[in-house]
Structures are given as C-alpha cells and as structure tokens.
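Undergrad: Predicted model and sequence follow; I will ask about them next.
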Amino acid sequence: MKNQLLSILIETEDYVSGQALAEQLGVSRQAVWKTIKALREDGCVINSVNNKGYKLLSLPDSLNEAAIRKHLHTAVIGKELVVLDSVGSTNDYLKRMGDDDCPNGTVVVTREQTKGKGRMGREWSSKRDENIAFSFLLRPSITPQEVGVVTPLAGLAVCKALRAFTGLDLKIKWPNDVILGKKKLVGILTEMSAEFDAVEYLVIGVGINVDQVEFPENIAHKATSVLLETGRHYDKNELLACVINHLEEEFTVNRLEFSAATAREYSSLCATISRSVTFHRGTRSISGVAVGVNLRGELRVMLSDGSICNVNSGEVTVQGIY
C-alpha cells in the first residue's frame, strides 16, 4: 500500500485528507496513518495539518520506486520495476524472475549489491546507497547469433544518458564500459537464456559508480565515479530514470539492430577507435588498430598486413586505457 499512497501524494499538489486517502485505497484512516508513518521512516518528508490532511514535501534520496517512476517516461523498460534493499547480484535475481516468465522490460535495481558480476567472472560489489546497480530483461525475437549488438547498444544509451545528465565527456570502451579519460565509470554485462535457434530472454546488467570515493587497491588506478569527477551528489532516482529512458529509446529506435548511422554514432563516442588493441584467437595473441564498429556490433581491427579482423567477444586490451 505504501507505493499506492505515495503515488497519490506525488500526483496531488495540495493537501489530501486522511479520509480521502482511505476511500481511494479502500482502507481505514488508521491504516493510512500507519502507512504515512512508514513512509516517513523511509525518508519521505510529509507535512500534516489538522482539517487539511497530508502533503508530500520531498522524497528520500535513496533509490525507491515512486521517485524513479516520477522521472520515468518509458512504455516497456521499467513498466515492471523491482527495488531491493540488498541482493547478491541483480543479474542473478532477474534471471530467476526470467525463468518464472516475468514480463519483457522488467527492471531490478538494488540499494546494495554484495556479489555483483563483471565480464570474465570478475566481481563488482556496491555498498548501500553508494552507486546504482540494476538489470533489465528483454524477450526479443532474435537468434543467439544476433545478440552481439545488445551490449554496444546498451553502452551507447548509457553513455549518452550520462553525458546529458552530468555534462561529463564520457566515452565507450568497446564493448561494455563507459569511461572518462582512462578510468572506468560504468560496466555492462549481458547474459542470455537461449535454445539453439532462439533467445528466450536477455538480462543486461549495468553498474554505475555514482558516489563511490574509495576503490579496492587493485582497481583504484582505473576506476572513478560521478562524485569524484563532478564534486556533486546527484539524485540517483532521477539519474537511473534518465538512463532507463535512454535505453528504451535506443533499443526502440534501433530495433535491436545496428544501422549505419548508429554504427557511426557509436564509433564517434568509442575511445577504442584509432587505438592499438590486442586480442586473442585461440592461443594466439593478435595486435592491430581499431578502425570502427560494424553493423553486428563487432570491433573492426586493421592488422599489420592491411586486412580487417572482426572481433565479437573476449578480452580486448586497449593501449592507453587500463
């Protein structure tokens, strides 16, 4: 009932009486009072005046459904929204929901992530109310061979959202990081459940360093946060909504495909382009210069003999970027 009552207060500019709230919610005035008390304990500032009722003055700074929805303008991604206090991994949590047939576009976000996952089995944890860790689920009509564009599209959307929201000159490190200079600000991990010729669902996890100021010693030289770079504490609810809005726009406009225009836009924001890179094919280590991204989201690398090699997975070491 908390979310329903809070939604009414958000949508009402003036005071609303306890009786009116009770009638709208189909509960007693005592239940309304208890819910108001619980909302205040959650951090909502709610004024009460005799014979006038209740008025919401401000929402809590911590991630919460009502505040996220206030800034959300999507039709699919985030329509089903789950906000958790703490979880091991939002990707793992959402994969379990995916196996139970949760709707397309479901988003899971947490205030604390204790066993987050990155590429190659790396861990990424997030202390309570420090960063933004969320995952969203898609049920696209594509084959596993067509999944390669998903992470680059997500990276493009997140990069554009954060550039617009913070004013930072962020770039993409192909395929799954958003960086500032030589330091990582965002990581993205895509996982899927699929049969041989069809994808059942995709889970895309996004971790954004927002207010973190201290990092583990092994990554301190290559990680940064919005707070460290701007000196500002941004509203995480508004920031998350901005990112989700951009994700839906990018995925809707492109229909899970890379057009020539999208590939050019991605390349223009990709810090990997024009740099020397090294990747592996089997046991071989191969070096070349990244020259672009093709319509499958693959990194195009020019080798020393002038030939082009398309890289679609695995670790790519980029000269000058961690």
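TA: Received the coordinates, thanks. Remember, it's a predicted structure, so these values are computed and weren't measured experimentally.
Undergrad: could you dump stretch 133-151 to PDB, C-alpha only?
TA: What follows is stretch 133-151 as a C-alpha-only set of coordinates in PDB (Å, rounded to 0.1, in the frame of the first residue of the first chain):
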ATOM      1  CA  ALA A 133      23.300  -1.400  -9.800                       C
ATOM      2  CA  PHE A 134      20.400  -2.500 -11.900                       C
ATOM      3  CA  SER A 135      19.500  -5.100 -14.500                       C
ATOM      4  CA  PHE A 136      16.700  -5.200 -17.200                       C
ATOM      5  CA  LEU A 137      15.200  -8.100 -19.100                       C
ATOM      6  CA  LEU A 138      14.300  -8.300 -22.700                       C
ATOM      7  CA  ARG A 139      12.500 -11.100 -24.600                       C
ATOM      8  CA  PRO A 140      13.500 -10.300 -28.200                       C
ATOM      9  CA  SER A 141      12.600 -12.400 -31.300                       C
ATOM     10  CA  ILE A 142      16.200 -12.900 -32.300                       C
ATOM     11  CA  THR A 143      18.700 -15.800 -32.500                       C
ATOM     12  CA  PRO A 144      21.800 -16.200 -30.300                       C
ATOM     13  CA  GLN A 145      23.900 -15.200 -33.300                       C
ATOM     14  CA  GLU A 146      22.200 -11.700 -33.300                       C
ATOM     15  CA  VAL A 147      22.900 -10.900 -29.700                       C
ATOM     16  CA  GLY A 148      26.200  -9.200 -30.400                       C
ATOM     17  CA  VAL A 149      24.600  -5.700 -30.900                       C
ATOM     18  CA  VAL A 150      22.900  -5.700 -27.500                       C
ATOM     19  CA  THR A 151      25.800  -4.700 -25.300                       C
END
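Undergrad: Could I get the average pLDDT for that stretch?
TA: Confidence for stretch 133-151, expressed as mean pLDDT, is 94.
Undergrad: Name the residues of it that are buried.
TA: For stretch 133-151, the neighbour count (16 or more other CB atoms under 10 Å) marks 133-140, 142, 147-151 as buried. Glycine gets a C-beta too; all of them are placed from N, C-alpha and C.
Undergrad: With stretch 249-256 instead?
TA: Result for stretch 249-256 [16+ other CB under 10 Å]: buried residues 249-251, 254, 256.
Undergrad: Could you do stretch 93-100 as well?
TA: 93-95, 97-98.
Undergrad: Give me the contact list for that stretch.
TA: With contacts defined as CB atoms under 8 Å, 6 or more residues apart in numbering, stretch 93-100 is touched by 82, 84, 87, 102, 106, 108, 110, 135-137, 191, 193, 200-201, 203, 205.
Undergrad: Closest to Ala161 out of those residues?
TA: Ala161 has its nearest neighbour among those in Phe136, at 13.4 Å by CB to CB.
Undergrad: For that closest one, which non-adjacent residue is spatially closest?
TA: Excluding the flanking residues, the one nearest Phe136 by CB to CB, 6 or more residues apart in numbering is Val107, at 4.7 Å.
Undergrad: shouldn't the one you found be in contact with Thr74?
TA: No. Judged on CB atoms under 8 Å, Val107 makes no contact with Thr74 at a distance of 9.2 Å.
Undergrad: Name the residues contacting each of those two.
TA: Taking CB under 8 Å, 6+ apart as the contact rule, Val107 and Thr74 both touch Ile244.
Undergrad: Helices of the stretch 201-322 of the chain, start to end?
TA: Along the stretch 201-322 of the chain, the stretches classed as helices by DSSP state H, counting those that start in this stretch are 226-230, 236-254, 260-269.
Undergrad: Tell me the backbone dihedrals of the residue nearest to Phe136, please.
TA: Main-chain torsions, Val107, degrees, to the nearest 10: phi -120, psi 130.
Undergrad: Give me the below-cutoff pLDDT ranges for the stretch 51-200 of the chain.
TA: The stretch 51-200 of the chain contains residues with pLDDT under 70 at 118-122.
Undergrad: which residues touch Val206?
TA: Residues near Val206 by CB under 8 Å, 6+ apart: 132-136, 154, 158, 186-188, 243.
Undergrad: swap the cut-off to 10 Å and go again
TA: Val206 sits next to 90-91, 109, 132-136, 154-155, 157-158, 176, 178, 186-190, 240, 243-244, 247 when contact means CB atoms under 10 Å, 6 or more residues apart in numbering.
Undergrad: Next: Ala194.
TA: Applying CB under 10 Å, 6+ apart, we find Ala194 in contact with 142-145, 147, 200-202.
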